[in-house]
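>>> Next comes the sequence, and after it the predicted model I'd like to discuss.
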Amino acid sequence: MHLRLIPWFFIMLNFMEYIGSQNASRGRRQRRMHPNVSQGCQGGCATCSDYNGCLSCKPRLFFVLERIGMKQIGVCLSSCPSGYYGTRYPDINKCTKCKADCDTCFNKNFCTKCKSGFYLHLGKCLDNCPEGLETNNHTMECVSIVHCEASEWSTWSPCTKKGKTCGFKRGTETRVREIIQHPSAKGNLCPPTSETRKCTVQRKKCQKGERGKKGRERKRKKLNKEENKEAIPDNKSLESSRETPEQREHKDKQQQKKRKVQDKQQKSSVDLFWGLKSP
């Protein structure tokens, strides 16, 4: 029984020697590829090379290759730069470049911002927006088309004619509505916001204060005319205002003499009538 196990023991021993030789050769090959590998790296590198920069990063940092001329240098960053997205793996965290038409992305299949000339829609960068959508040149996105919306009509205004609500039989009435949502570039245009139609009223005379614009105009002109007439001074009052005190006193004496003569003549006429005095 023990003799049968001896061949298997030699087989396992040879296999372990083979695995060890393979690991040793792999280590020698890695040392040949990176002869300047150092453990005392700067800038977040776990291992690095004088020629290639970072070869691996410290935990939670992302490894990304930056091109400098014809050479690529490995660097370790806390987050991926613009145009890259980060992916975490058990052995390394890597930054991968977004698609050519994508400026920033969440992963290789979902873009968050497109490069100039492309429009973003559901994570894709498109030359033109799909049917039912329109381009927004400010955000560079495909957005829904917005149509115009108007409120309900107001009630009809009173029937009028030339600003009056009386003194006529046929006039017009108007109703209005407001725009509550303006349309986008491809949206339906807004409808009219006012509407006028003819109307008929029972003829009636205008009461005081309901004469319309023309009646009010005539009344205003009449009042202005009366005010202007009152404002013009009398000629006699103007003459009296120009007289000196001496002239007014002289004029008063003349009027008193004139009144005395008129009184005397009137008394003489009365005496003759009654026969009290002969002519």
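Received, thanks.
>>> which residues touch residue 130?
By CB atoms under 8 Å, 6 or more residues apart in numbering, the contact set of residue 130 is 121, 142. Using the backbone N, CA and C atoms, a C-beta is placed for each residue, glycine as well.
>>> how far away is it from residue 207?
As judged by CB to CB, to the nearest Å, residue 130 and residue 207 stand 66 Å apart.
>>> Next one: residue 78 from residue 105, what distance?
Distance of residue 78 to residue 105, computed by CB to CB: 18 Å.
>>> Then residue 168?
As judged by CB to CB, residue 168 and residue 105 stand 73 Å apart.
>>> same thing with residue 163?
In terms of CB to CB, residue 163 sits 67 Å off from residue 105.
>>> Residue 46: what secondary structure?
strand (DSSP: H, G, I helix; E, B strand; the rest coil).
>>> Next, count neighbours for it.
A count of neighbours around residue 46, defined by other CB atoms under 10 Å, yields 16.
>>> Can you give me the pLDDT of it?
We note a pLDDT of 89 for residue 46 in this prediction.
>>> Tell me how far the nearest residue in space to it that is not next to it in sequence lies from residue 67.
In space, not counting the residues next to it along the chain, residue 46 is nearest to residue 56; the distance is 4.4 Å by CB to CB, 6 or more residues apart in numbering. As for residue 56, its distance to residue 67 is 19 Å (criterion: CB to CB).
>>> Of those two, which one has the most company?
Taking residue 56 and residue 67 together and counting by other CB under 10 Å, residue 56 has the greater number of neighbours (16 against 8).
>>> list the contacts for that one?
45, 46, 47, 63, 92.
>>> Give the helix, strand or coil label for residue 223.
Three states are possible here, and by three-state DSSP the one that applies to residue 223 is helix.
>>> Per-residue pLDDT of it, please?
In this prediction, residue 223 has a pLDDT value of 71.
>>> Between residue 78 and residue 105, tell me which one has more neighbours.
Set side by side, residue 78 and residue 105 show more neighbours around residue 105, with 23 against 8, by other CB under 10 Å.
>>> Give me the neighbour count for residue 259.
When neighbours are defined as other CB under 10 Å, residue 259 has 10 of them.
>>> how near is it to residue 265?
In this view, residue 259 and residue 265 are 11 Å apart by CB to CB.
>>> swap in residue 194?
From residue 194 across to residue 265, the span is 83 Å (CB to CB).
>>> for residue 186, same thing?
Distance, residue 186 to residue 265, by CB to CB: 107 Å.
>>> who has more neighbours, those two?
Comparing residue 186 with residue 265 by neighbour count (other CB under 10 Å), the higher total belongs to residue 186, at 13 against 10.
>>> Surely the more buried one is in a helix?
No - according to three-state DSSP, the state of residue 186 is coil, so it is not within a helix.
>>> Any idea what residue 195 is bridged to?
Here residue 195 shows beta-bridge partners residue 175, assigned using DSSP bridges.
>>> What's the local residue count around it?
The local packing count at residue 195 equals 14, with neighbours defined by other CB under 10 Å.
>>> That one and residue 172 touch, don't they?
No - under the criterion of CB atoms under 8 Å, residue 195 makes no contact with residue 172, lying 10.7 Å away.
>>> on that earlier part again, with respect to residue 83, which of the contacts of residue 56 is nearest?
residue 63 (15.8 Å; CB to CB).
>>> Not counting its neighbours along the chain, what's nearest the closest one?
Spatial nearest neighbour of residue 63, chain neighbours left out: residue 57 (4.8 Å); criterion: CB to CB, 6+ apart.
>>> just residue 116 next, same as before
residue 140 (7.9 Å).
>>> what's the pLDDT at that neighbour?
Residue 140 is assigned a pLDDT of 92 by the prediction.
>>> how many other residues sit next to it?
Other residues within reach of residue 140 by the criterion other CB under 10 Å amount to 17.
>>> ok, now residue 142?
The number of residues near residue 142, taken as other CB under 10 Å, comes to 19.
>>> what's across from it in the sheet?
Each beta-bridge partner of residue 142 is listed here, defined by DSSP bridges: residue 135.
>>> No further questions, thank you.
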